[in-house]
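S.K.: Kindly generate the corresponding structure for this input.
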Amino acid sequence: MDTTPLSQDHLDHYWKHGYAVVPRLLPQADLERWLERFDDVVEGRIEPARQMLVMRDVMVVRGAVEPTRRSEAIAKLQDFENDAVLDGYNQHPILLDAVEQLIGPDIQSIHCMLINKPPNVDGRHPMHQDLVYFPFRPADGIVAVWTALEPVTRENGCLVLVPGSHRGELLEHENMDWEYVNAGYWGAKGGPPEDRVHVECAPGDTVFFHPMILHGSGRNRTQGFRRAISCHYASTQCDRIWQAKDEAAEPRKYRHIRGKPARAGDVPLDVRPGAPSYDFPKSTTRRG
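M.R.: Down below sits the predicted model:
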């Protein structure tokens, strides 16, 4: 009996359309543990883990919205590898087994975040391609894994994907000219395409998507929250083609998780293809 997390139908859908959705892949007990940890961090009951980035929403930073509680101010927790509880997502055996089916047995984690879309803020993420953020090639050696922690609907800002767009080119991205947009929420030039699908999810539903697929998310129009947890993985056998100039003194560390480690080699200092430049806002805090 085949016990792999992704069926052949999932794999076929992923490579044809650029994504696959697996219902209820992770148990409710895990979701509750990660939600509780999020609340503990943002409510100040525990200190953020070393190198964790706690990002406030831009509307809160600029005083356009006055949150009634701390959780309404936070856009996301990023880089939580050093948090013993949240890191249970990055290293979840079910997820790693599925990732291995897509990119092979040699796996490193390259980015993780718990995304909190609170009420009363704009919170949209424009349509973009994740490859613009990552220095690894080929693109087929990278995959995003995204799990709904709570019900995710069109009303509270679900993922929006453009099926088949992963077979195109890496587009030029830009800083959006919206009145309120969070730092680093770049958008692909050319305007939103019409052939989009809205991916509504129940808690535990997990979306696997290619780094070239155009995707984004809408505004939370409810008075609740829309929370999801996510990690990107790359094969350790990928080539690393650039390193941001501001990382020259302290290069970003990508973590080997399974299989063979990454190959050593010089990484060129270059501007990342397709991307505008930006600085993290002063309100963003990272525990060193």
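S.K.: what are the bridge partners for Cys231, then?
M.R.: Cys231 forms beta bridges with Cys112, Val145, as assigned by DSSP bridges.
S.K.: That one and Gln108 touch, don't they?
M.R.: No - counting by C-beta atoms under 8 Å, Cys231 sits too far from Gln108 to count as a contact (10.8 Å). (Each C-beta comes from the backbone N, C-alpha and C, glycine too.)
S.K.: Okay, the nearest residue to Asp87 once chain neighbours are set aside and Arg69: tell me how far apart.
M.R.: Distances taken as C-beta to C-beta, 6 or more residues apart in numbering put Glu81 closest to Asp87, at 5.5 Å, once the chain neighbours are dropped. Separation of Glu81 from Arg69 (C-beta to C-beta, to the nearest Å): 27 Å.
S.K.: What of Pro23?
M.R.: 31 Å.
S.K.: cool, Val145 as well?
M.R.: Val145 is 29 Å from Arg69, by C-beta to C-beta.
S.K.: try His128
M.R.: Spatial separation of His128 from Arg69 under the definition C-beta to C-beta is 30 Å.
S.K.: Same check on Gly191?
M.R.: Distance from Gly191 to Arg69, by C-beta to C-beta: 36 Å.
S.K.: likewise Val21?
M.R.: Computed as C-beta to C-beta, the Val21 to Arg69 distance reads 32 Å.
S.K.: Neighbour count for the two, which is higher?
M.R.: The neighbour comparison of Val21 against Arg69 (other C-beta atoms under 10 Å) goes to Val21, with 20 against 10.
S.K.: what's near enough to touch the more buried one?
M.R.: Neighbour list for Val21: 199, 201, 205-208 [criterion: C-beta atoms under 8 Å, 6 or more residues apart in numbering].
S.K.: Among those, which pair sits farthest apart?
M.R.: Farthest-apart pair in those is Cys201 and Phe208; separation 12.5 Å (C-beta to C-beta).
S.K.: Which one's more surrounded, these two?
M.R.: Remark: of Cys201 and Phe208, Phe208 carries more neighbours, 26 against 23, as counted by other C-beta under 10 Å.
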